[in-house]
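>>> Sharing a model that was predicted from the sequence below.
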Amino acid sequence: MIQPGPKHHIEIEPAEDWVRVLWGQHEVASTGRALVLREGSYAPVFYIPRDDARMELFEPTPRRTTCPYKGQASYFSLASADGKRDENAVWSYEQPDPAVAAIAGHLAFYADRVVILVEPPAEDVPPDPPE
């Protein structure tokens, strides 16, 4: 692996906002625990914890790619009960390079295949006073 550095910067931080991922009529993920990965001059990518995704809509595929900075990515297709399918629309690093260990087990989505909505977190509402 090549380590991120001054020539190829990678930064990972918690997203401040709520992130929802829509695929057609399906909300496939919704979380207040997304991570934002910023890499070099690429657009930021949201990484969503699997616990916050509707994994019944995800089907693993045999596709694998290797990033010299992050490691081997595995892929998922999105598939719905009505027969709609989008091949290899999602990727994940199961065992990423230690420099980007925070994204292990998280899901990332091709922005041209889904709609990614970034919304301010809901404001805390104080509980109703006891009667």
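Nice, I can see it. Residues are numbered from 1 along each chain as shown.
>>> Near the residue nearest to Ala104 when sequence neighbours are not counted, how many other residues are there?
Computed as C-beta to C-beta, 6 or more residues apart in numbering, the closest residue to Ala104 that is not its neighbour in sequence is Pro96, at 5.5 Å. Where you see a C-beta, it was placed from the backbone N, CA and C, and this is true even at glycine. Counted with other C-beta atoms under 10 Å, the neighbours of Pro96 add up to 21.
>>> cool, and Arg64?
There are 10 residues near Arg64, going by other C-beta under 10 Å.
>>> residues touching the residue nearest to Pro14 when sequence neighbours are not counted, list them.
Of all residues not flanking Pro14 in the chain, Leu35 sits nearest, at 6.1 Å (C-beta to C-beta, 6+ apart). Residues in contact with Leu35 (C-beta atoms under 8 Å, 6 or more residues apart in numbering) are Ile12, Glu13, Pro14, Ala15, Phe46, Tyr47, Ala102, Ile103, His106.
>>> now Glu13, which residues is it bridged with?
Glu13 has the following beta-bridge partners by DSSP bridges: Val36.
>>> Compute the number of surrounding residues for His9.
12.
>>> scratch that, Ile48 is what I was asking about
By other C-beta under 10 Å, neighbour count at Ile48 equals 25.
>>> List the buried residues in the helix or strand that contains it.
Per DSSP states H and E, Ile48 falls inside strand 45-49. Neighbour counts over strand 45-49 (16 or more other C-beta atoms under 10 Å) mark Val45, Phe46, Tyr47, Ile48 as buried.
>>> quick one: which of those residues is nearest to Ala29?
Distance to Ala29, by C-beta to C-beta, is smallest for Ile48 among the buried residues of strand 45-49, at 4.6 Å.
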